[in-house]
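Trainee: Just to be clear, the model below is a prediction. Sequence and coordinates:
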Amino acid sequence: MSDKLYDSDIIVIGAGPAGLSAAVRARRVRTYNLLPSSVMVISNHAPGGLADWTKVRMTGDGWSYEKGKVIEKLMADIEDYSIPVKEEKVLKVEDEKETFRIITDEGEYRSLAVIIATGMKMTWNEREHFGDKLFGTLKGYRFMENYFKEMCDKEEGKTIIFVGTEETERTVEFFKSINNGRMKVKKVFDNGKNIHGYEGYKDEGIKVLTEKGEVVGDHVLVDFESYQLSSYTADLVDCEKDEEGFIKTDGRCRVQDGLFAAGDITGPPFSLAKAVGEGTTVGLESHRYVYRKKFDKEAPVFAFYPIHQEGKATYFEIPELVDEYRPKLLASYEVDEEFILFRECSIRAKESNLRLLKLCDGEHTLGDIRGKLGDVDEVIKKLIHGKDLTLEV
Ligand SMILES: Cc1cc2nc3c(=O)[nH]c(=O)nc-3n(C[C@H](O)[C@H](O)[C@H](O)COP(=O)(O)OP(=O)(O)OC[C@H]3O[C@@H](n4cnc5c(N)ncnc54)[C@H](O)[C@@H]3O)c2cc1C
């Protein structure tokens, strides 16, 4: 391991159901002696992804969630574990061997592992307009034809804006064959780099905000099928892709050393259940990878991975608190008169403990801290057991 510091053990790109599940699962390790990983999420817009636009079904009607509810549940854990979510667009991910460099439109970050969970398309604030001025098309559904017919009958003279990739041309042709010139048609092609949001226009209309300016109309139709045909979010990383450009993974969401992918970005089927399932898998797998890299030991995640799998006597030991580790506080805390209160544990509100917490910033080594404060191992272990602190190298 080089001397270079990194920002977070694991960086998750994308805050849809796959990315958020991955972040929670990587951070929320429950075994009492297991050190948590530090996790950061980066997403171009507020958390949600596609699963936030409307009611979604996990398997069928019996297991479904009203608009916004899936993300609300995932965000409750993200907040409980103080997982930082940065609203930035990731432009490039580079493998620097020991670490990954994640370049965004606002800066750059480094991590030991990266999870790509960028979905099939970049999402912005579509959910605010979905079902009102903004709709989604899937031509495979027979009802699209009826839907187009009804719209052309009712909205004659109004403007419809088709949003999608170059493939949207085919949907536009289909629409035109039903429209017979009644509605005006506009097109906004989006390769993942063109659109950056939607806005209401006057009382009735809607604007598509693009790199080249605004496109105004009365309705927007997002052509999902065009986005599903090939990946438009995977070009930020060089790795093995399938013929359509989706990221190739093994059965456990691994792409290559330290690089993982989950959800729609790994290709069809495009589904919430798959996104959450892969997100959970990738969270655990990335955590195991990081643990091995940092402590040269298997992580004892034995509820999920049988302990005899790679079991050795050392399996249950907390890694030794060697001087080179840099403790990093993962949680926020409150101070009352007597105690410093964390989510699941508390420590005495002594001056030395408050100073210790300030030094647990991932930059000071345990050796530095011991030099300044003396023996702090017991407090550090308590915070580790409460999953509020991790050790970096
Ligand atoms: C209207 C609608 C209804 C649906 N209904 C169902 C249903 O009932 N059942 C079902 O199983 N599935 C349903 N789906 C599909 C399901 O929502 C998706 O399969 C699921 O959301 C995929 O999750 P994901 O996390 O992989 O991707 P997404 O939800 O797409 O999240 C990916 C996130 O990453 C962000 N991102 C992309 N590129 C970058 C970048 N460069 N930098 C930073 N961030 C980036 C995206 O903007 C997005 O926010 C529905 C989808 C829609 C649109």
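Mentor: That came through, no problem.
Trainee: Against Ala299, how distant is the residue of the stretch 101-250 of the chain found nearest the ligand?
Mentor: Of all residues in the stretch 101-250 of the chain, Gly119 sits closest to the ligand, at 2.3 Å by CB to the nearest ligand atom. C-beta: built from backbone N, CA, C; applies to glycine. Shown here: Gly119 relative to Ala299, a distance of 28 Å by CB to CB, to the nearest Å.
Trainee: before we move on, the earlier item: right, and the residue of the stretch 101-250 of the chain closest to the ligand touches Gly49 too?
Mentor: Yes - applying CB atoms under 8 Å, one finds Gly119 in contact with Gly49, separated by 5.6 Å.
Trainee: So which of those two has more stuff around it?
Mentor: Using other CB atoms under 10 Å as the criterion, Gly119 and Gly49 rank with Gly49 on top: 29 against 26.
Trainee: OK, contacts around the residue nearest to that one when sequence neighbours are not counted?
Mentor: Distances taken as CB to CB, 6 or more residues apart in numbering place Gly16 nearest to Gly49, at 2.1 Å, with adjacent residues excluded. Shown in contact with Gly16 (CB atoms under 8 Å, 6 or more residues apart in numbering): 47-52, 117, 119, 123, 263-264, 275.
Trainee: how about the residues of the chain that lie near the ligand?
Mentor: By the rule CB under 6 Å from any ligand atom, the part of the chain lying against the ligand is 13-19, 42-45, 49-51, 53-54, 56-57, 89-90, 117-120, 122-123, 136, 233, 236, 263-264, 270-273, 275.
Trainee: Give me the buried subset of the residues you listed.
Mentor: Using 16 or more other CB atoms under 10 Å as the burial test, these include 13-19, 42-45, 49-51, 53, 56, 89-90, 117-120, 122-123, 136, 233, 236, 263-264, 270-272, 275 as buried.
Trainee: ok, Lys67 touching Ala51?
Mentor: No - using CB under 8 Å, Lys67 is not in contact with Ala51, being 9.6 Å away.
Trainee: list the contacts for Ala51?
Mentor: 16-17, 70-71, 272, 275.
Trainee: ok but it is inside a helix, no?
Mentor: Yes - counting by DSSP: H, G, I helix; E, B strand; the rest coil, Ala51 falls inside a helix.
Trainee: Quick check: it vs Ala76, distance?
Mentor: 15 Å.
Trainee: got it, and Gly283?
Mentor: Gly283 sits 16 Å away from Ala76, going by CB to CB.
Trainee: who has more neighbours, the two?
Mentor: Gly283 (30 against 11).
Trainee: how many neighbours does Glu150 have?
Mentor: Glu150 has 12 neighbours, counted by other CB under 10 Å.
Trainee: Ser230 too?
Mentor: Neighbours of Ser230 (other CB under 10 Å): 18.
Trainee: same thing with Asp250?
Mentor: Using other CB under 10 Å, Asp250 is surrounded by 10 other residues.
Trainee: Let me know the helix or strand that it is in.
Mentor: If you go by DSSP states H and E, Asp250 is not part of any helix or strand.
Trainee: ok, for Tyr81, nearest residue in space, not its chain neighbours?
Mentor: Nearest non-adjacent residue to Tyr81 (CB to CB, 6+ apart): Arg27, at 4.9 Å.
Trainee: which residues touch stretch 53-65?
Mentor: If you take CB under 8 Å, 6+ apart as the criterion, stretch 53-65 is touched by 66-67, 70, 73, 126-127, 130-131, 136, 272-273, 276.
Trainee: Report all helices and strands that the host helix or strand of Met144 contacts.
Mentor: If you go by DSSP H and E, Met144 is part of helix 143-154. Where contact means 3 or more CB pairs under 8 Å, 6 or more residues apart in numbering; DSSP states H and E, helix 143-154 is packed against helix 168-179.
Trainee: in the helix it packs on, what's buried?
Mentor: 168, 171-172, 175, 178-179.
Trainee: cool, stretch 198-207 as well?
Mentor: Those would be 198, 205-207, for stretch 198-207 by 16+ other CB under 10 Å.
Trainee: Endpoint to endpoint, it covers what distance?
Mentor: Stretch 198-207 has its terminal residues 6 Å apart, counting by CA to CA, to the nearest Å.
Trainee: Adjust the sequence numbering to begin at 317 for everything that follows.
Mentor: Yep, numbering from 317; the last one is stretch 514-523 now.
Trainee: What mean pLDDT does stretch 533-542 get?
Mentor: Average pLDDT, stretch 533-542: 94.
Trainee: With just CA atoms, put it into CSV.
Mentor: Listed next in CSV are the C-alpha coordinates belonging to stretch 533-542 (Å, rounded to 0.1, in the frame of the first residue of the first chain):
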residue,chain,number,x,y,z
GLY,A,533,-43.4,22.0,-25.7
ASP,A,534,-46.6,20.8,-24.1
HIS,A,535,-45.7,17.1,-23.5
VAL,A,536,-42.4,15.2,-23.1
LEU,A,537,-42.2,11.5,-24.0
VAL,A,538,-39.1,9.8,-22.8
ASP,A,539,-38.3,6.8,-25.0
PHE,A,540,-37.1,4.2,-22.6
GLU,A,541,-36.7,1.6,-25.2
SER,A,542,-34.1,3.6,-27.0
